[in-house]
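Visitor: structure for the following, please:
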Amino acid sequence: MTTLDQSLRTLNDAAILSTRLEHIHVIEELDATSGSIGLFGFTELAKWLVIEFCDREIRYVIDNDPAKQGERFNGVEVVSFEHALARPPDVIAIASTTSLDEIQRQIESCPAFANTRIVSTRSAAPNDLSGDRDVEYSWVAAMMPPGPGRALDFGCGFGNLGLLAAQRGYTVTALDLRDIFWRYEHPDAELVRGDVFDLDLSAKSLDLVINCSTVEHVGLAGRYGSPERPDGDLEAMQHLLALTKPGGIMLVTIPVGRDAVFRPLHRVYGRKRLPRLLDGWDAEQKQFWIKDEANKWVLSDEAAALDFEPTEKVYALGCFVLRRPADEAEYFWEGT
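Guide: Now for the predicted structure:
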């Protein structure tokens, strides 16, 4: 392996020194493995690992950002997840410091990586997003009413919320822009690849919409394949409102804090944009979470959550039960 000084000279980037020191345990974990290596996330840490493990076969760096795919670093190509399936490595090291749980689920959900060992990294920063899906998925599970009905899992990813809805009696369309691999099939859950704006559903046809950590990405080009659309998130919420029956509900979880946009990763919703996002919906229940000093999610009041200063690596969480109001004509008819 190259020495620290040699690596720094090669990269000509002193910032990578701190990255290496913060993630020294990743080096140690990879040292304890053998065989070919794949990296997940084209980050400074990934560049460090390419150099540090130059005596091992590094097959590729996987990145879900299409803008990064096709790049090379020291001869190692950045590829899509789908491309990586043809040549599974012996070890995958997650070189991202965000969405770690989601990335690990993505790897574990794919049979091609059944024999691949995962080295999971954790940011050494005081706070990161680890455990966010535990909070979000438990909220959706707790708040989901029983079916029957028609449900949309918007941006389903590699999670199991569409399956949960099917088990609760709904007929489910699980939608994502990416190719998604599920380890299960259910007669009432259909997996569809596509854009929500192109979805072939009738107005007022949905009883339930699951919108778990999805809408904040809509319209931010460069991640998840979304085209550039500055107000895509607001337009998506209005589009979903039109697809939902009067009285139907949306279960939504989103980043909250002081208003911010971290391209191409996500938006954070604060006092300015949050009301615009929820416009037209009735918020029946709300719950907010922030990270404490031990990097654990803890319940928070709304004011503290919206005052949270976000970064691209951490934000507060907002969980909502939204309901489409009854149509005015239906309201008066029911009252007669």
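
Visitor: point out where the protein drops to low pLDDT.
Guide: 1-24, 97-99, 121-126, 328-336 (pLDDT under 70).

Visitor: mind exporting stretch 248-265 as PDB, just the C-alpha atoms?
Guide: Written as PDB, here are the backbone C-alpha positions of stretch 248-265 (Å, rounded to 0.1, in the frame of the first residue of the first chain):
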ATOM      1  CA  GLY A 248     -57.800   9.800   1.200                       C
ATOM      2  CA  ILE A 249     -54.500  10.100   3.000                       C
ATOM      3  CA  MET A 250     -50.800  10.600   2.400                       C
ATOM      4  CA  LEU A 251     -48.200   9.300   4.800                       C
ATOM      5  CA  VAL A 252     -45.100  11.500   4.300                       C
ATOM      6  CA  THR A 253     -41.700  11.800   5.800                       C
ATOM      7  CA  ILE A 254     -39.300  14.600   4.800                       C
ATOM      8  CA  PRO A 255     -36.200  16.500   5.800                       C
ATOM      9  CA  VAL A 256     -37.000  19.500   7.900                       C
ATOM     10  CA  GLY A 257     -35.000  22.300   9.400                       C
ATOM     11  CA  ARG A 258     -34.000  25.700   8.100                       C
ATOM     12  CA  ASP A 259     -34.900  26.000   4.500                       C
ATOM     13  CA  ALA A 260     -32.100  24.700   2.300                       C
ATOM     14  CA  VAL A 261     -31.400  22.900  -1.000                       C
ATOM     15  CA  PHE A 262     -28.300  20.600  -1.200                       C
ATOM     16  CA  ARG A 263     -28.000  19.800  -4.800                       C
ATOM     17  CA  PRO A 264     -28.200  17.100  -6.100                       C
ATOM     18  CA  LEU A 265     -29.100  15.400  -2.800                       C
END
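
Visitor: list the buried residues for it?
Guide: Neighbour-count burial for stretch 248-265, with 16 or more other CB atoms under 10 Å as criterion, is recorded at 248-258, 260, 262, 264-265. The way it works is simple: take the backbone N, C-alpha and C, and place the C-beta from them, glycine included.

Visitor: ok, stretch 189-202 next?
Guide: 189, 191, 196, 201.

Visitor: just stretch 70-79 next, same as before
Guide: Buried-residue list, stretch 70-79, by 16+ other CB under 10 Å: 73, 76, 78, 79.

Visitor: which residue ranges form the helices in the protein?
Guide: 4-11, 15-22, 24-31, 44-52, 81-84, 100-108, 132-143, 161-167, 232-243, 273-277, 302-306, 328-334 (DSSP state H).
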